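Trainee: Pasting a predicted model and its sequence here:
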Amino acid sequence: MLALFGALEEEIAGVRRQMTIAEVIVRPDFKLYRGVYHNRDCLLVQTGMGRQRVETAARFTLEHFQVGTMISFGFAGALTPELRAGDIIICSTLYCCSGMIDEDLKSESLSSDTTLLELATHALESGRVRFYCGNSVTVPQLLSNQESKEKMYEVFAAYIADMESYWVARIAARERNPFVAIRAVSDARQDSLPSFVQIVVGDKSWPWGKAFTYFVLHPQDLPKLASLYRNSNKARRSLTECVAKVVASMN
């Protein structure tokens, strides 16, 4: 059975709408949808952000279902200047950053399955979305400004940074399941994220409802919210189209 892992409601919404859902399992830390997606038996898992949530959700999924191919998908921050919101990265090598910017950054790495990389690349060649095949780095917290993104690029030479892909890849490697990560750029390297996003990073969706109070007190950050909303929409549309193409090509 194919298992798709995404952290946020905004990331998985388009895929979920295209599924024929037979069962929904709601747990305190995650949500799992079982159904059919592009003629494949599929599990869609909304994990929440970060290592702990991913590992909890993946452990439950693998204990209760016979999982084959595993795909991590979602948003990512761009580390290279040529990337813009909505661009897709098919992750080849996935690095794991052990610390934050002011620490000695040590890393481990895993790779996406070669066959799945080739399949995904071929599937997206006929689409409308601009895509790249390149490295990613999974970080312990969001990179909220250009300086932090440039530092990550200097260390890892990765195209993008996210908070989950490496941890899904590690679980897939342990279980010997084929794995690939597909990420859509939601913020360019020069973009800064509003501070409130960092505060509520544990949520399973972008905290639009919590934003009101913050922006009453910080009106100067309102343009960042508008940009975040537009870019998230672009990323979601690209992600939905590309995941659908990749999964359909597996049939």
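Mentor: Structure received.

Trainee: alpha carbons only for contacts and neighbour counts from here, please
Mentor: Noted.

Trainee: Residue ranges in this protein under the pLDDT threshold?
Mentor: The model of the chain has pLDDT under 70 over residues 99-106, 194-218, 221-225.

Trainee: In it, which residue is most central in space?
Mentor: For the chain, the residue nearest the mean C-alpha position is G74 (2.5 Å; C-alpha atoms, centre = their mean).

Trainee: wait, that residue sits on A13?
Mentor: No - counting by C-alpha atoms under 8 Å, A13 is not a contact partner of G74; they are 10.6 Å apart.

Trainee: So what are the sheet partners of the helix or strand harbouring the residue nearest to the centre of the chain and their directions?
Mentor: Assessed by DSSP states H and E, G74 sits inside strand 70-78. Here strand 70-78 is paired, per DSSP bridges, with strand 2-6 (parallel), strand 160-162 (antiparallel), strand 179-187 (parallel).

Trainee: of all those, which lies closest to R170?
Mentor: Closest approach to R170 among the strands paired with strand 70-78 (C-alpha to C-alpha): strand 179-187, 9.4 Å.

Trainee: follow-up on the earlier one: what does the strand holding G74 rub up against?
Mentor: Contact with strand 70-78 is made by 2-8, 11-12, 84, 143, 149, 159-162, 164-165, 168-169, 172, 177-189, 232, 235-236, 239, 243, as judged by C-alpha atoms under 8 Å, 6 or more residues apart in numbering.

Trainee: Now do it: distance to the chain's middle.
Mentor: Centroid separation for strand 70-78 versus its chain: 2 Å, with C-alpha atoms, centre = their mean, to the nearest Å.

Trainee: hmm, back to that, how much space is there between the residue nearest to the centre of the chain and E241?
Mentor: Per C-alpha to C-alpha, to the nearest Å, G74 is found 12 Å from E241.

Trainee: Check E150 too.
Mentor: 29 Å.

Trainee: Tell me who's in contact with the nearest residue to K234 once chain neighbours are set aside.
Mentor: For K234, ignoring the flanking residues on the chain, the nearest one in space by C-alpha to C-alpha, 6 or more residues apart in numbering is G86 at 4.9 Å. Shown in contact with G86 (C-alpha under 8 Å, 6+ apart): 129-130, 184-186, 231, 234-239.

Trainee: Mind naming the longest helix for the chain?
Mentor: Taking DSSP state H as the criterion, the chain has its longest helix at helix 222-248.
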